[in-house]
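Undergrad: Sequence and predicted structure, then a few things I'm wondering about:
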Amino acid sequence: MPVTAIGDNAFENCREVTEICLPDSLKKIGNMAFGYCSRLKEINLPDSVTEIGAYAFWYCGLLKKIRIPRRVKIIQECTFWCCDALEDVEIPDSVEIICNNAFNYCNLKEIYIPDSVGEIEKNAFDYCKYLERVHINTNQWTEQELKEIFIGHTEIIPSQKIETPPIEEEFQARWEEYKAKWWKENSSDSAVESTTK
């Protein structure tokens, strides 16, 4: 029978575990499921997962990299609290909310926030003292909101999409450019012709 869920506290405090491979049948990871797995260095989260509980990887101090599955919509409270080796996080465009203390005390230096994220609670990145660059769509947030979320000397780098002009506008611009060029070339030719008569 395929495993579809890992219950709350299922592997909490398993301090000898260093690597975990989860099945593609998995849909839910419970609260504190891997909390205090202090020697856990690597875990795969399959894209079948739709829910990761609060405190799921709390105090997994050797975990360096995590890829959030593409069906997860909420990164819950304290999910990666005190993962103080965590420096590489991939957040997919399915995520809509990042909750309080989700990445507190992580070792992040740079992070990309997709446009799908519409809510980041104020303490989500507290005490990420090495976080230098945040790539985020600045059109979605006020300057004050970003300051409150990313406290410190973090550089906010706009990542908004480049909007291409409508076809009609592009055509009109090219037509005006062509007319100006034609007029310049032909008016100069006429001037030369009139002076030679």
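TA: Structure's in. What do you need? Note that the structure is a prediction, hence the values are computed from the model and not measured.
Undergrad: Could you tell me what pLDDT the model assigned to the closest residue to G7 other than its chain neighbours?
TA: Sequence neighbours aside, G30 is the residue nearest to G7 in space, at 4.7 Å (criterion: C-beta to C-beta, 6 or more residues apart in numbering). (Each C-beta comes from the backbone N, C-alpha and C, glycine too.) Looking at G30, its pLDDT is 98.
Undergrad: And G30, how close does it get to N13?
TA: Note on G30: its distance to N13, by C-beta to C-beta, to the nearest Å, is 14 Å.
Undergrad: So between those two, which is more surrounded?
TA: A direct count of neighbours by other C-beta atoms under 10 Å for G30 and N13 places G30 higher, at 20 against 13.
Undergrad: any idea how far the most centrally placed residue in the chain lies from E177?
TA: Centroid check for the chain by C-alpha atoms, centre = their mean gives I113 as the closest residue, at 2.6 Å. Separation of I113 from E177 (C-beta to C-beta): 38 Å.
Undergrad: N137 and E155: what is the separation?
TA: The separation that N137 has from E155, given C-beta to C-beta, amounts to 15 Å.
Undergrad: If we ignore the residues flanking it in sequence, what's nearest L63?
TA: For L63, the closest residue by C-beta to C-beta, 6+ apart turns out to be C83, at 5.0 Å.
Undergrad: Helix, strand, or coil at the closest residue to M32 other than its chain neighbours?
TA: Once flanking residues are discounted, M32 sits nearest to Y55: 4.4 Å by C-beta to C-beta, 6+ apart. Counting by DSSP: H, G, I helix; E, B strand; the rest coil, the backbone at Y55 sits in coil.
Undergrad: thinking again about what came up before, now the residue nearest to G7: how far from D8?
TA: Counting by C-beta to C-beta - G30 and D8 are separated by 4 Å.
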